[in-house]
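Q: what shape does this take:
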Amino acid sequence: MPFFSVVIPVYNASEHITECLHSVIGQTYKDFEIILVNDGSTDDSMKKVTEFFEAFPEYEPKIVHHNYNRGLGAARNSGVFRANGKFIAFLDADDYWAVTKLEKIASYLEIFPIWDLLYHPVIEFYNGRHRKRSTYFAGGLDDFILKGNPLVPSAVVLSRKVALEHPFSTDRSLLGVEDLDLWFRLMQAKVQMAMIPEALTFYRITSGLTSHIMQHLSRCEKVFKTYLKEEFITTAMQRKYYEAARHMQKTGRHKKAEIFYRWSKNKDLKTRLLRLANRLHFAI
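A: Residues are numbered from 1 along each chain as shown. Below you'll find the predicted structure:
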């Protein structure tokens, strides 16, 4: 039984899948299996996957095919169901890992076997710019409300036992927020989780969310209404508006960023400086 099962959902990821796979086979820690879930891709993603493993025949991935695009939740679940590893290491096809990621995660898990979920910060990158995204240890739902969601799927490792007991939602009204829904459920279940401080995942900032931002926020609100008391929903949404503003600013959508900053009602010094930079069209 491998220590890790690396689960990679693939949907029209032709542009980035090779870089993603190189980061997996380049790991210094080798006790893992690779599971790719083709979630109904219509581009040549799977052709590139085939070519990649023909060049590296020592790796024999498990490949699961969906006949149509079922969404990230269903794709991750399909990978988990095929996994044999003690822990599931999720990786989205447009992200990639530092070469020591699995080695460092394994060292922590071997010392602290009670942990069922381990996560770490990410390095965001967009248009040639890289920056470490600040994160924190989430001690409870209050932290999610006030500080936002610190967990990025490509930076999360979850025990297979817990992943099977608590699968991602396949509700299509939660497409794009399946991870947020799962983190809330795991917190309610009091799953043992921990954070390590090193940034071991490179997380790609894409402009794809921009055109669907209001739909995404509406789905976040649905998750909040499911798990939070009514008096906390407004505060949680204001945090999401702040996050939306940051995304828009980073991707150069300065007018939309200003709108979301205003909706966030956040007036601390950091936000004021960010808004000033945004008005000067600094994409930071």
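Q: just give the nearest non-adjacent residue to residue 86, would you?
A: What sits nearest to residue 86 in space, not counting adjacent residues and going by CB to CB, 6 or more residues apart in numbering, is residue 3, at 5.5 Å. Heads up, the C-betas are built off the backbone N, CA and C, glycines and all.
Q: low-confidence ranges in this structure?
A: 207-211 (pLDDT under 70).
Q: helices or strands up against the top helix by length along the chain?
A: When the chain is parsed with DSSP state H, its longest helix is helix 230-250. Identification of packing neighbours for helix 230-250 by 3 or more CB pairs under 8 Å, 6 or more residues apart in numbering; DSSP states H and E yields helix 141-147, helix 213-227, helix 254-264, helix 269-279.
Q: ok, 6 Å please
A: When contacts are defined as 3 or more CB pairs under 6 Å, 6 or more residues apart in numbering; DSSP states H and E, helix 230-250 packs onto helix 141-147, helix 213-227, helix 254-264.
Q: how about the shortest one: buried residues?
A: Neighbour-count burial for helix 141-147 flags 141, 144-145 (criterion: 16 or more other CB atoms under 10 Å).
Q: out of these, who's nearest residue 250?
A: Nearest to residue 250, judged by CB to CB, of those is residue 144 at 21.4 Å.
Q: out of everything not next to it in sequence, what's closest to the closest one?
A: residue 138 (6.3 Å).
Q: that neighbour contacts residue 148, doesn't it?
A: No. Here residue 138 does not reach residue 148: they are 9.6 Å apart, not a contact under CB atoms under 6 Å.
Q: neighbour count: these two, which is higher?
A: A direct count of neighbours by other CB atoms under 10 Å for residue 138 and residue 148 places residue 138 higher, at 20 against 17.
Q: separation between that one and residue 146?
A: According to CB to CB, to the nearest Å, residue 138 stands 11 Å off from residue 146.
Q: what is the burial count for the residue nearest to residue 86?
A: Neighbour count of residue 3, defined by other CB under 10 Å: 18.
Q: for it, give me its contacts.
A: 31, 86, 106 (CB atoms under 6 Å, 6 or more residues apart in numbering).
Q: repeat the analysis, applying 7 Å as the threshold.
A: For residue 3, the contact set (CB atoms under 7 Å, 6 or more residues apart in numbering) comprises 31-32, 85-87, 106.
Q: then residue 241?
A: 260, 263-264.
Q: same question for residue 245.
A: Contacts for residue 245 (CB under 7 Å, 6+ apart) come out as 257, 260-261, 264.
Q: not counting residues beside it along the chain, what's closest to it?
A: Excluding the flanking residues, the one nearest residue 245 by CB to CB, 6+ apart is residue 260, at 3.6 Å.
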